[in-house]
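*Asks:* Sharing a model that was predicted from the sequence below.
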Amino acid sequence: MIVISLLAAAIPMILYMTVLWRLDKYDREPFRYVMASFLWGAVGAILLASLASWLLNEGLKAVLMDASGGERLLGPLVFAPLVEESAKGIFLFFLARSKVFDNITDGLIYGGAIGLGFGMTENFLYFITYGNTLASWVFLVFVRTSFSALMHCISTASLGTFLAIARFGKAWTKVFAPVMGFFVAMTIHFIWNFTVSFRITLLLGILFIMFAVTAFITVFMLSIYNERRIILKELDEEVKASLVPEGHPRIIASKERYQKGWIDEAIRKDYIKALTRLAFRKKQFRQTTGKEQQFYAREVELLRSLIRDLLINSQF
């Protein structure tokens, strides 16, 4: 049963993570960073949250336990969202300060991967602890795979969205957005925990997660659409500067980039990557100041040089 529970916990979460990663069609994140995020959620965040929960339970027994020694709802409703979202979010805050974290899409992917990793380990622990009968085990697998784990994914992805807004936002945004993101993540977590704590509100919880998934997909698609707009706008300037052939920005921003014949096949993949990165780096250059802006300025010139060399050496 342990092996089956491990597979039931791991396979769906890995599939979710892979699909999420592949949806980023313009500037896909290095898989090693996505996997590192997933592993943080699965191991680091679980251990940190367990330690913090134990300390809270020991320090606040009078608040968390009722007269008979049973756990009050205050623990799962308030402290669980606070502790778990903090544990998951620490690694996300670290990533948001790195150069691999570029936009809202990245925040959704890295945050989602952390949440899925956390959900995987938590699901496994629930399966082996509470799946005493086949019926209860199947019910747990269904509910936690379809809803609980997705809650962890969406809540941490929501924090990632606001961290992306803060990453290239104005001074006040850098303070307000992370706080708002953490509040949204905790609220999603709280609503799910509250609704599943009572049989009468379980259906509301399921409907809430369905709504949250729809909102997540909508934000993700809007972010991808915005990336397309950035590519078209920023590369149009390169066409006018005679660096990029006319028509290539439209191809780069569409599925045509996967087709053969529009550019030398020997350079196609490198050319697509360089042009896409150039568009985003130009946008980031205008959104930053100081040393960070100097970094993006150097990146822009290096990418222009790379694109120029690729086209000169092309056989097309």
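*Replies:* Thanks, I have the structure now. Numbering: from 1, shown residues only.
*Asks:* going forward, measure contacts between C-alpha atoms and count neighbours the same way
*Replies:* OK.
*Asks:* And the one helix or strand Phe139 maps to, what does it pack against?
*Replies:* Per DSSP states H and E: Phe139 is located in helix 134-143. On a contact count with 3 or more C-alpha pairs under 8 Å, 6 or more residues apart in numbering; DSSP states H and E, helix 134-143 meets helix 104-130.
*Asks:* What angle do helix 134-143 and the helix it packs on make with each other?
*Replies:* Orientation check (axes from the mean of the first three to the mean of the last three C-alpha atoms, to 10 degrees): helix 104-130 against helix 134-143 gives 170 degrees.
*Asks:* coming back round to it: toward the C-terminus, what is the element adjacent to the helix holding Phe139?
*Replies:* Under the assignment DSSP H and E, the closest C-terminal helix or strand after helix 134-143 is helix 149-167.
*Asks:* Now Glu246: phi and psi?
*Replies:* phi -60, psi 140 (degrees, to the nearest 10).
*Asks:* excluding its backbone neighbours, what's nearest it?
*Replies:* Val239 (5.8 Å; C-alpha to C-alpha, 6 or more residues apart in numbering).
*Asks:* Surely that neighbour is in contact with Lys233?
*Replies:* No - if you go by C-alpha atoms under 8 Å, Val239 and Lys233 don't touch, sitting 10.2 Å apart.
*Asks:* On the three-state scheme, Tyr26 is what?
*Replies:* coil (DSSP: H, G, I helix; E, B strand; the rest coil).
*Asks:* Apart from its chain neighbours, what residue comes closest to it?
*Replies:* The shortest distance from Tyr26 to any non-neighbouring residue, by C-alpha to C-alpha, 6+ apart, is to Thr276 (6.8 Å).
*Asks:* name the helices or strands packed onto the helix or strand harbouring the one you found?
*Replies:* Following DSSP H and E, one finds Thr276 within helix 268-287. Helix 268-287 sits against helix 202-240, helix 248-252, helix 290-312, with contacts defined as 3+ C-alpha pairs under 8 Å, 6+ apart.
*Asks:* just to revisit the earlier point, from what I can see the residue nearest to Tyr26 touches Arg28, true?
*Replies:* No - taking contacts as C-alpha under 8 Å, Thr276 lies outside contact range of Arg28: 10.4 Å.
*Asks:* Return the set of buried residues in stretch 257-276.
*Replies:* Buried residues in stretch 257-276, counted by 16 or more other C-alpha atoms under 10 Å: Arg257, Ile263, Asp264, Ile267, Arg268, Tyr271, Ile272, Lys273, Ala274, Leu275, Thr276.
*Asks:* Do I have it right that Leu202 meets Ile191?
*Replies:* No - contact status for Leu202 versus Ile191: not in contact, 10.7 Å apart, counting by C-alpha under 8 Å.
*Asks:* Pull the distance from stretch 268-276 to the chain's centre.
*Replies:* Its chain's C-alpha centre and that of stretch 268-276 lie 24 Å apart, by C-alpha atoms, centre = their mean, to the nearest Å.
*Asks:* Alpha carbons of that stretch, in CSV - could you do that?
*Replies:* Provided in CSV are the C-alpha atoms of stretch 268-276 (Å, rounded to 0.1, in the frame of the first residue of the first chain):
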residue,chain,number,x,y,z
ARG,A,268,16.4,28.1,-36.0
LYS,A,269,16.2,27.0,-32.4
ASP,A,270,19.0,29.4,-31.3
TYR,A,271,17.5,32.2,-33.4
ILE,A,272,14.1,31.8,-31.8
LYS,A,273,15.5,31.7,-28.3
ALA,A,274,17.7,34.8,-28.9
LEU,A,275,14.9,36.9,-30.4
THR,A,276,12.5,36.0,-27.7
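*Asks:* That stretch - what's its average pLDDT?
*Replies:* Across stretch 268-276, the average pLDDT comes to 94.
*Asks:* Name the nearest of the buried residues of stretch 257-276 relative to Asn103.
*Replies:* Nearest to Asn103 out of these is Thr276 (C-alpha to C-alpha; 13.3 Å).
*Asks:* per the record, what domains does the protein have?
*Replies:* 2-197, 228-312 (automatic domain parsing).
*Asks:* So for Val219, which of those domains sits nearest?
*Replies:* With C-alpha to C-alpha, the closest approach to Val219 among those belongs to domain 2-197: 8.7 Å.
*Asks:* mean confidence for that closest one?
*Replies:* 87.
*Asks:* Can you tell me the SS state at Lys99?
*Replies:* coil.
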